[in-house]
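Asks: let's see this in three dimensions:
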Amino acid sequence: KMKMRGRRASVSAECMQVRDKHAEEVQLKVVPKSEAAKAEIKNAVKDHILFKGLDDTLRGYIVDAVFEVSHKVGDAIIKQGDEGDNFYIVSKGECDIYLAKSGQDYPGQHISTCGPGKSFGELALMYNSPRAATIIAKTECVLWALDRQTFRQVMLDTTSKKRKLHEQFLQNVPVLGGLTDQERSKVADVLDAHNFKEGDMIITQGEPGDRFYILEAGSASAVVTKGGEQVRLKDYGKGDFFGELALINSAPRAATILAQEASEMLLIMKQDYESVLQEQQSKELNEKISILREIPALKDLPTSRLSKLSYTIQETLFPRETNIVLEDLPGKDIYFLKEGECKVTRKVRRKQVLQDVTLPPIQRVKGAPKEYYQQNEPKSSSVWIPNELELLRLGPGQFFGEYALLNKTKQPVSVITVSATKVYVLKGDD
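Replies: You can find the predicted model right below:
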């Protein structure tokens, strides 16, 4: 007889690659099945903890990927201690569940019996964990199975793409136009998916506004009640939004919004929106204060003063090969390199002798003084030609421009972008 040893089970998560490129499509597994079978699977997973938070689209991908397996009476569907591979939903028949404690004979003590609509093996979808129990077919059984690799790939890939789509939706909302990419990403994280049936009232005219909606799928219409009759004002389709003023104020809704068909909505509560922005703004404020403390002349200022200065810092993007600072010009601002790379250069001059040549305008020497370009010059002369010497490279976290500004002098060097560069700028007049 087999005896179960009390070996400690280890649990580990798989490393999965998330496809971020738009050109790379997810190869979703689709196993043909009847509409009745699809309905049966949807009903079995709708309240399961792993699938409860999924919208109809993601749940549909899962239903498509499920495949059918059959077992005879006495077949061990899963064995305690074996590596988990599939999650199962019982379609027909019954299965007995056994648990063997340390030293007990296989299959262990009978715990319960499960029938149609019940499921087991869900840990296999999340972890590389050994099976926690043994399940044996009590009768002939038909089960629906979902493998771990498909489940995780569907969840990671489709969730990543839906998140990008949600951020694109948010870019089209005027009241959110002032958000940075990072703030918009944070708002996308707190979007909540809701489903509405045809005829459902999404927004009611006259109620206070406390949430904002984006129509992800389906259609809706705005109507108002005038003189006891409903007047249709506007129709909405995929990507359209409404209720956005609720993020700014809590004014009563100006119209009623009705779902014209089964529709999927993304919504964000005003309090969540404000919480996200406050959290993000607080983080950016602390980051800017830390940057200001790196400047020797500012590091001893009180936090209240640095906080005020931080609000004047502007984020600016400079294209490649752009002069941010020019040598010999007055210092006006202080720059903090956030992303990208810059080179620091200084002018040097070298002497070049021109002998037995005439310099027509088309053959000018770059940087040479204008007077040397006369056509009837002496055949032998010398000129001082300016040259550019690279002194060093600057990367994220470094700053420049403070010397000329604080000492009220001209810039001793030039700073030129090597790549597209994002910079925090502290204006000198602030």
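
Asks: what's the closest non-adjacent residue to Gln230?
Replies: Spatial nearest neighbour of Gln230, excluding adjacent residues (CB to CB, 6 or more residues apart in numbering): Val223 at 4.7 Å. Glycine gets a C-beta too; all of them are placed from N, C-alpha and C.

Asks: and the helix or strand containing that neighbour, what's buried?
Replies: Under the criterion of DSSP states H and E, Val223 resides in strand 220-226. By 16 or more other CB atoms under 10 Å, the buried positions in strand 220-226 come out as Ala220, Ser221, Ala222, Val223.

Asks: could these go into a markdown table alongside pLDDT and distance to Thr113?
Replies: Putting the buried residues of strand 220-226 into a markdown table (pLDDT from 0 to 100; distance: CB to CB, whole Å) gives the following:
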| residue | pLDDT | distance to Thr113 |
| --- | --- | --- |
| Ala220 | 93 | 46 |
| Ser221 | 93 | 51 |
| Ala222 | 91 | 53 |
| Val223 | 91 | 53 |
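
Asks: tabulate these (JSON lines), appending distance to Pro32.
Replies: Shown next, in JSON lines, are the buried residues of strand 220-226 (distance: CB to CB, whole Å):
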{"residue": "Ala220", "distance to Pro32": "33"}
{"residue": "Ser221", "distance to Pro32": "36"}
{"residue": "Ala222", "distance to Pro32": "41"}
{"residue": "Val223", "distance to Pro32": "42"}
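
Asks: tell me, what residue is most central in this structure?
Replies: Ser185 (5.3 Å; CA atoms, centre = their mean).

Asks: Gly397 belongs to a helix?
Replies: No - secondary structure of Gly397 (DSSP: H, G, I helix; E, B strand; the rest coil): coil, not part of a helix.

Asks: now the nearest residue to it once chain neighbours are set aside: phi and psi?
Replies: Nearest residue to Gly397 in three dimensions, chain neighbours excluded: Leu337, at 6.8 Å (CB to CB, 6+ apart). Leu337 adopts backbone torsions of phi -80, psi 120, taken as degrees, to the nearest 10.

Asks: which ones are touching the closest residue to Phe67 other than its chain neighbours?
Replies: Spatial nearest neighbour of Phe67, chain neighbours left out: Val31 (4.6 Å); criterion: CB to CB, 6+ apart. Val31 makes contact with Asp64, Ala65, Val66, Phe67, Glu68, according to CB atoms under 8 Å, 6 or more residues apart in numbering.

Asks: secondary structure element for Val31?
Replies: Short version: Val31 belongs to no helix or strand, going by DSSP H and E.

Asks: what's the answer for the one 5 residues further on, then?
Replies: Using DSSP H and E, the element containing Ala36 is helix 35-45.

Asks: quick one, helices of this structure?
Replies: 35-45, 56-65, 123-126, 148-171, 181-189, 270-293, 303-310, 402-406 (DSSP state H).

Asks: let me have those in TSV, extended by mean pLDDT and distance to Ile77.
Replies: Shown next, in TSV, are these (pLDDT from 0 to 100; distance: least, CB to CB, whole Å):
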stretch	mean pLDDT	distance to Ile77
helix 35-45	87	16
helix 56-65	83	19
helix 123-126	72	12
helix 148-171	75	16
helix 181-189	79	38
helix 270-293	75	43
helix 303-310	78	61
helix 402-406	83	70
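
Asks: out of those helices, flag the one nearest Ile203.
Replies: For these, the distance to Ile203 is smallest for helix 270-293, at 13.7 Å, taking CB to CB.

Asks: what packs against that closest one?
Replies: Helix 270-293 is packed against helix 181-189, strand 211-217, helix 303-310, strand 421-427, with contacts defined by 3 or more CB pairs under 8 Å, 6 or more residues apart in numbering; DSSP states H and E.

Asks: what are the ranges of the strands in the stretch 301-430 of the chain?
Replies: Assignment of strands within the stretch 301-430 of the chain using DSSP state E, counting those that start in this stretch yields the ranges 314-318, 323-325, 333-339, 342-355, 380-394, 399-400, 414-417, 421-427.

Asks: now those in a markdown table, with distance to Val190 and mean pLDDT?
Replies: Compiled in a markdown table, the strands of the stretch 301-430 of the chain are given as follows (distance: least, CB to CB, whole Å; pLDDT from 0 to 100):
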| stretch | distance to Val190 | mean pLDDT |
| --- | --- | --- |
| strand 314-318 | 23 | 87 |
| strand 323-325 | 36 | 91 |
| strand 333-339 | 25 | 89 |
| strand 342-355 | 36 | 72 |
| strand 380-394 | 36 | 71 |
| strand 399-400 | 34 | 88 |
| strand 414-417 | 35 | 92 |
| strand 421-427 | 25 | 87 |
